[in-house]
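Engineer: With the sequence up front, the predicted model follows.
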Amino acid sequence: MIKDIIRMSFQNLRMNKMRTFLTTLGIIIGIASIIALITIGQGVTSSVIEQLSGLGGNRVTVSITDTKAIPGFTDSNLKEFTALDNVEGISPSLRSYKPVTLVPGETNSLYNYVYTSSASVMGVNNYYFSLFAGGNMKAGRAINDDDVAFSTHVCVLGESVWKSLYGNYNPIGETIRIQNMDFVIVGILDNLVGLETRGNYSVIVPYTVAMTDLQMGLITTFDAIVSDTESMNITVSQMSDLCADIVGSTQGYSVTNQQEVMDIVVTITDLILGMLAGIAAIALLVGGIGIMNMMLVSVSERTTEIGLRKALGAKPSVIMIQFLVEAVIISILGGILGVALGIAIAYVASLLIGYKFTFQMTTVLLAVGFSAAVGLIFGILPARKASKLNPIDALRAQ
Amino acid sequence: MARGTVLLSMKGINKIYEMGENSLHVLHDVDFEVREGEFVSILGPSGSGKSTLMNIIGCLDVATSGTYILNGKDIGKMKEKELSRVRNKDIGFVFQQFQLLPRMTVIDNVVLPLIYARVSSRERKARAMVLLNKVGLGDKITNRPKQLSGGQQQRVAIARAMVTDPAILLADEPTGALDQATGMQIMELFKQLNKEGKTIIMITHDSKLARQAKRIVHILDGRMYSAEEYAEIYDEEGVRWEDKPTLREKRRRRLSDD
């Protein structure tokens, strides 16, 4: 019998094509906006997360935030962090502007005059290269552990520094003078892209040399690389304890897990998404009221028909089901069209904004299910009204 | 008097409508019996209570008091759901305005009661075809009601009423919307169906039409009278004998009018 009811419902809806379409439009707009917002939101979020995870989920950033308490970490402090279980290594960094001089002579074959400039000097260790350049060098080698351990006077040029000092010439083996000390150029850093690009504009030296010989002060911030991310929380708390020991207070430092930053970003985007979806849900609610309105009109228009059906033996429940089915057909129809429209909007938006377009089947099923539920909920009142009509009054209504 | 078994039996039926503080006593102690194979007219003017009686016979309404047994079932105690089943299986309605669903084809209209009876689609079609052929519309099954004449539409309605093979065919002013000639054709169809054994109850205000049936009962002011009882109380125009002015009074009135 349900098959016959569905057939009759389609017959009824076809009779009032324009009205059916306009009612469906309410649901189409509601579902389309929900789908578009969720799909765009998911795309943007996953793009942001992708960029963030380029920073590494296995990293912990440790900083001294109150340099009045202590000026920074010493080299022996850093060794304590390195000695922690689960810490694969640490990547400290120091940065300062220093005079850089090219002295003509046997150590400088390019220039035949003294050239002095102010340049950014960075003190790092080998992790800097693996973290930000993926271990890639344009030429030569990176700063290695030995350079750090023995405070060797070597340097690596960032791409921009290399170009401005040497043009396209290979500078490896040349000497430059930083402050008043000579450094041998051992490599050129590959061009950095992403969030850390300072290296491109810097002369990079072992951090131990920067701290001592170049007197660039203590380390105020460094990244630690954790080998097992599962026990990240334990490592973070160990690092906090260590910081507290060094600073001598429970304040004045920060230990931040990149994962936490990522979690915060995800939480915020989820929140914004939820709000947007909530607004879109209001559109759907209005669509639902549209269905209810149309069904109520339909019930009063078809009073005689309902009376007749009852006289011919339709039980109240059958009448109720018939009107519910009509409401649900409208809303599912609107749901399917809305999903298609929403995905189309999201696809166009992905081309315009430039994020990666993806959509999940669960979203689609959820949306169609949701629209069916809207039809069911807003169809109940008119359907009940129809099922309770007294057949005598209904037949007389003509 | 027909000799079949009693199909319909009403005893002491009262119908009272409560309307706020007033109550309207529409049917008074109606006793009514119909046997299998009868063709009965219920004749009465508008406001006599015949529509209310029809609604009760058709199980669209229930009596305030009294017992009503239809086809062996006690209707008075039934709930809406059971009444639906009785309307579906035991009664075939024929209405004055045909009451065909305009969106549906002729055959879809005819099979409608069978859908509610949960009869399989194939059997529905077969049964509807038999009846549509019988009423002479076997070639119009895919037409919409609007494409048919009034008489044809009423024939479709009769086919629909017959399709569940109900115990009683209940016709409410079945020729009221038709011209005289077409109305007579419909009456001939009823007579033929009755001849084939169908029990028919027809409600009408038209005494000429009522006389087409084998038996007439009268209803007036909510009370039911057999033809014999009625003839003792009322004249042919429905005026009480006792209310009629005597010849002497008539003469006196004519004089005073002058």
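Structural biologist: Right, received. Where do you want to start?

Engineer: all strands for the chain, in order.
Structural biologist: You didn't pick a chain, so chain A it is. Per DSSP state E, chain A carries strands over the ranges A:59-64, A:87-92, A:94-102, A:115-124, A:137-140, A:154-157, A:175-178, A:181-189, A:202-206, A:221-226, A:253-257.

Engineer: that's the wrong chain, I wanted chain B
Structural biologist: B:6-19, B:22-35, B:39-43, B:65-70, B:73-74, B:91-94, B:168-172, B:199-204, B:215-220, B:223-226.

Engineer: Is the fifth one in proximity to chain A?
Structural biologist: No - if you take CB under 8 Å from any CB of the partner chain as the test, strand B:73-74 misses chain A, and the best it gets is 14.2 Å. Placement of C-beta: from N, CA and C, glycine included.

Engineer: for the fourth one, same thing?
Structural biologist: No - counting by CB under 8 Å from any CB, no contacts exist between strand B:65-70 and chain A, the nearest distance being 14.1 Å.

Engineer: Report the buried residues of that strand.
Structural biologist: B:Gly66, B:Tyr68, B:Ile69, B:Leu70 (16 or more other CB atoms under 10 Å in any protein chain shown).

Engineer: Tell me who's in contact with the second one.
Structural biologist: Taking CB atoms under 8 Å, 6 or more residues apart in numbering or on different chains, we find B:Tyr68 in contact with B:Leu8, B:Ser9, B:Met10, B:Ile13, B:Ile56, B:Val62, B:Asp74, B:Ile75, B:Gly76.

Engineer: Read off the pLDDT value for it.
Structural biologist: pLDDT recorded at B:Tyr68 is 96.

Engineer: any idea how far chain A is from it?
Structural biologist: Distance check for B:Tyr68 against chain A: by CB to the nearest CB, to the nearest Å, it reads 16 Å.

Engineer: Count the residues that sit near A:Ser300.
Structural biologist: 14 (other CB atoms under 10 Å in any protein chain shown).

Engineer: Kindly state the pLDDT recorded for it?
Structural biologist: 92.

Engineer: Tell me where the model's unsure across the chain.
Structural biologist: Using chain A. Residue ranges of chain A with pLDDT under 70: A:51-57, A:105-112, A:194-195, A:397-398.

Engineer: Actually, chain B is the one I wanted.
Structural biologist: B:1-3, B:257-258.

Engineer: How about it: which residue is closest to chain A?
Structural biologist: Of all residues in chain B, B:Asn88 sits closest to chain A, at 2.3 Å by CB to the nearest CB.

Engineer: for the chain, longest helix please?
Structural biologist: I'll assume chain A. Counting residues, the longest helix found in chain A (DSSP state H) is helix A:258-301.

Engineer: hmm, I had chain B in mind actually
Structural biologist: Longest helix in chain B, counting by DSSP H: helix B:180-195.

Engineer: so that helix versus strand B:168-172, what angle?
Structural biologist: Here helix B:180-195 runs at an angle of 160 degrees relative to strand B:168-172 (axes from the mean of the first three to the mean of the last three CA atoms, to 10 degrees).

Engineer: Need the contact partners of helix B:180-195.
Structural biologist: Residues outside helix B:180-195 that contact it (CB under 8 Å, 6+ apart): B:37, B:39, B:135, B:149-151, B:154-155, B:158, B:162, B:169, B:171, B:174-175, B:178, B:200, B:202, B:209, B:212, B:214.

Engineer: same thing but 7 Å
Structural biologist: For helix B:180-195, the external contacting residues (CB atoms under 7 Å, 6 or more residues apart in numbering or on different chains) are B:39, B:135, B:150-151, B:154-155, B:158, B:169, B:171, B:174-175, B:178, B:200, B:212.

Engineer: Could you do stretch B:73-81 as well?
Structural biologist: With contacts defined as CB under 7 Å, 6+ apart, stretch B:73-81 is touched by A:Lys315, A:Pro316, B:Cys59, B:Val62, B:Ala63, B:Thr67, B:Tyr68, B:Val86.

Engineer: list the contacts for the last one?
Structural biologist: Going back to what we said before, that points to B:Val86. Per CB under 7 Å, 6+ apart, neighbours of B:Val86: B:Cys59, B:Leu70, B:Lys73, B:Ile75, B:Met78.

Engineer: got a winner among the residues you listed for most neighbours?
Structural biologist: B:Cys59 (26 neighbours).

Engineer: For B:Ala213, see how far away that residue is.
Structural biologist: 21 Å (CB to CB, to the nearest Å).

Engineer: Kindly report the same for A:Asn233.
Structural biologist: Distance of A:Asn233 to B:Ala213, computed by CB to CB: 94 Å.

Engineer: Could you do A:Thr197 as well?
Structural biologist: 103 Å.

Engineer: And for A:Ala149?
Structural biologist: From A:Ala149 to B:Ala213 the distance is 122 Å (CB to CB).

Engineer: so can I have a markdown table of the strands of chain A showing mean neighbour count and distance to A:Leu284?
Structural biologist: Shown next, in a markdown table, are the strands of chain A (neighbours: other CB atoms under 10 Å in any protein chain shown; distance: least, CB to CB, whole Å):
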| stretch | mean neighbour count | distance to A:Leu284 |
| --- | --- | --- |
| strand A:59-64 | 22 | 42 |
| strand A:87-92 | 19 | 50 |
| strand A:94-102 | 17 | 53 |
| strand A:115-124 | 19 | 54 |
| strand A:137-140 | 16 | 56 |
| strand A:154-157 | 27 | 58 |
| strand A:175-178 | 20 | 65 |
| strand A:181-189 | 20 | 54 |
| strand A:202-206 | 26 | 54 |
| strand A:221-226 | 22 | 45 |
| strand A:253-257 | 18 | 39 |
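
Engineer: Could I get the ones you listed in JSON lines, plus columns for distance to chain B?
Structural biologist: Formatted as JSON lines, the strands of chain A follow (distance: least, CB to the nearest CB, whole Å):
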{"stretch": "strand A:59-64", "distance to chain B": "69"}
{"stretch": "strand A:87-92", "distance to chain B": "73"}
{"stretch": "strand A:94-102", "distance to chain B": "81"}
{"stretch": "strand A:115-124", "distance to chain B": "81"}
{"stretch": "strand A:137-140", "distance to chain B": "78"}
{"stretch": "strand A:154-157", "distance to chain B": "83"}
{"stretch": "strand A:175-178", "distance to chain B": "92"}
{"stretch": "strand A:181-189", "distance to chain B": "78"}
{"stretch": "strand A:202-206", "distance to chain B": "80"}
{"stretch": "strand A:221-226", "distance to chain B": "69"}
{"stretch": "strand A:253-257", "distance to chain B": "65"}
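
Engineer: closest to A:Ser120 among the buried residues of strand B:65-70?
Structural biologist: Set against A:Ser120, the nearest of these by CB to CB is B:Leu70 (103.1 Å).

Engineer: my guess is that closest one contacts B:Leu8, does it?
Structural biologist: Yes - counting by CB atoms under 7 Å, B:Leu8 is a contact partner of B:Leu70 at 5.4 Å.

Engineer: joint contacts of those two?
Structural biologist: With CB under 7 Å, 6+ apart, B:Leu70 and B:Leu8 have no common neighbours.

Engineer: hang on, the earlier thing: can you pick out the residue with more neighbours from A:Asn233 and B:Ala213?
Structural biologist: B:Ala213 (22 against 12).

Engineer: The closest residue to the more buried one other than its chain neighbours pairs with what?
Structural biologist: Closest residue to B:Ala213 apart from its sequence neighbours, by CB to CB, 6 or more residues apart in numbering or on different chains: B:Ser41 at 3.9 Å. Beta-bridge partners recorded for B:Ser41 (DSSP bridges): B:Met202, B:Ile216.

Engineer: check contacts around B:Ser41.
Structural biologist: Counted by CB under 7 Å, 6+ apart, B:Ser41 has contacts B:Met202, B:Thr204, B:Ala210, B:Ala213, B:Ile216.

Engineer: ok, now A:Val48?
Structural biologist: A:Val265, A:Thr269.

Engineer: Distance-wise, check it relative to A:Leu192.
Structural biologist: According to CB to CB, A:Val48 and A:Leu192 sit 20 Å apart.

Engineer: Would you mind naming what in the stretch 1-150 of chain B lies close to chain A?
Structural biologist: B:55, B:60-61, B:80-81, B:84-85, B:87-88, B:93, B:97, B:99, B:101, B:103-104, B:112-113, B:115-118 (CB under 7 Å from any CB of the partner chain).
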